[in-house]
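Visitor: attaching a predicted model along with its sequence, questions to come.
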Amino acid sequence: MPEGDTVFQAARRLDDALHGQQVTRFDLRVPRAALVDLTGSTVHEVVPRGKHILMRIGEHTLHSHLRMDGTWRIYRTGEKWRHPAFKVRAIVGTAAREAVGVDIAEVKVVATRDEGELVGHLGPDPLSDAWDAVEAIRRLSADDRSIHVALLDQRNVAGFGNEYAAELLFLRGILPTTPTPDVDVPALIDLGVRTIRANRDRIDRTFTGDARRGFTDWVYGRANRPCRRCGTLIRTGALGADPTRERVTFWCPNCQR
């Protein structure tokens, strides 16, 4: 599932391509919104909110969520797509550019004034100008579940996904199963904010400081491989708010206690 920094980059590319332009083609290929047509309206801006993308067009907002495999691709108007048409869920075209949503989820259109119905439940976003560290710390500190589960709950902090949870907990030396009340939450939040902001403008996300393929992570995706710090084999398991929302966890049993 895309992390907040990936969504931030996608929204920035969309805004660069569409900002201030008049919509000449608007096609949503999802039953609930198939009849919506914003052709003729102006794209005011495209902004990220946690893992959500909000495309503000005229007096409406096109909301999308990338989920596991979704992506927005940008083409010159009339350019041949480099993906199967049956995967397309949304098209927003202008005279010069065409934004094509491939395998995106939760495609909805609401009045911009009603955006809160879609994203109002989200916690503070560390990549937003409205970031509120105090509120993020308050929300996360009030969660009595395991820190891995609490950190992934977008109602606490919006933007951290499974890779960030695994890597931040390693860097802080915290087991994923540790109850959140036993964690130094301000220090964890501070590290998370600095890390996601550092990755925001990178082509390849890194937690180790090494951007080479295969060297970017300490523990994530490295089950049964030696810890880069101590050599102990990385362990893996699963945690979630319930069995339907479990995520794979990675940790070093020596560095994280």
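Guide: Yep, it's here. Residues are numbered from 1 along each chain as shown.
Visitor: for Arg247, give me its contacts.
Guide: 148, 152, 162, 165, 238-240 (Cβ atoms under 8 Å, 6 or more residues apart in numbering). C-beta: built from backbone N, CA, C; applies to glycine.
Visitor: so which of these sit within helices?
Guide: In helices, defined here by DSSP state H, the members of the contacts of Arg247 are 148, 152, 162, 165.
Visitor: with pLDDT as added columns, please give the residues you listed in CSV.
Guide: CSV is the format used below for the ones in helices among the contacts of Arg247 (pLDDT from 0 to 100):
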residue, pLDDT
His148, 97
Leu152, 96
Asn162, 95
Ala165, 97
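Visitor: ok, these vs Glu45, which is closest?
Guide: Using Cβ to Cβ, the shortest approach to Glu45 within the ones in helices among the contacts of Arg247 belongs to Leu152, at 28.0 Å.
Visitor: need the contact list for the residue nearest to the closest one when sequence neighbours are not counted.
Guide: Nearest non-adjacent residue to Leu152, counting by Cβ to Cβ, 6 or more residues apart in numbering: Ala165, 5.6 Å away. Listed by Cβ under 8 Å, 6+ apart, the contact partners of Ala165 are 148, 151-152, 176, 247, 249.
Visitor: show me how to select, in PyMOL, the buried members of those residues.
Guide: Selection of buried members from those for PyMOL, criterion 16 or more other Cβ atoms under 10 Å:
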select buried, resi 148+151+152+176+247+249
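Visitor: in TSV: the contacts of Ala165, plus distance to Met68.
Guide: Conversion of these to TSV gives the following (distance: Cβ to Cβ, whole Å):
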residue	distance to Met68
His148	19
Leu151	19
Leu152	14
Pro176	21
Arg247	12
Thr249	18
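Visitor: let me know the closest of the contacts of Ala165 to Glu3.
Guide: Proximity of these to Glu3 (Cβ to Cβ) peaks at Leu152, which lies at 10.8 Å.
Visitor: OK, contacts around the closest one?
Guide: With contact set as Cβ under 8 Å, 6+ apart, Leu152 has these partners: 160-162, 165, 247.
Visitor: now do 10 Å
Guide: With contacts taken as Cβ atoms under 10 Å, 6 or more residues apart in numbering, Leu152 has the following neighbours: 1, 145-146, 160-162, 164-165, 239-241, 245, 247.
Visitor: Arg113 against Thr61, yeah?
Guide: Yes. Distance between Arg113 and Thr61: 9.0 Å, which falls inside the contact criterion (Cβ atoms under 10 Å).
Visitor: compare these two (neighbour count), which wins?
Guide: The neighbour comparison of Arg113 against Thr61 (other Cβ atoms under 10 Å) goes to Thr61, with 23 against 10.
Visitor: which residue comes closest to the more buried one once chain neighbours are left out?
Guide: Excluding its sequence neighbours, the residue lying closest to Thr61 (Cβ to Cβ, 6+ apart) is Thr112, at 4.7 Å.
Visitor: centre of the chain to stretch 27-46, how far?
Guide: Per Cα atoms, centre = their mean, to the nearest Å, the displacement of stretch 27-46 from the mean C-alpha position of its chain is 22 Å.
Visitor: for it, buried residues please.
Guide: Neighbour counts over stretch 27-46 (16+ other Cβ under 10 Å) mark 27-28, 30, 33, 38, 43-44, 46 as buried.
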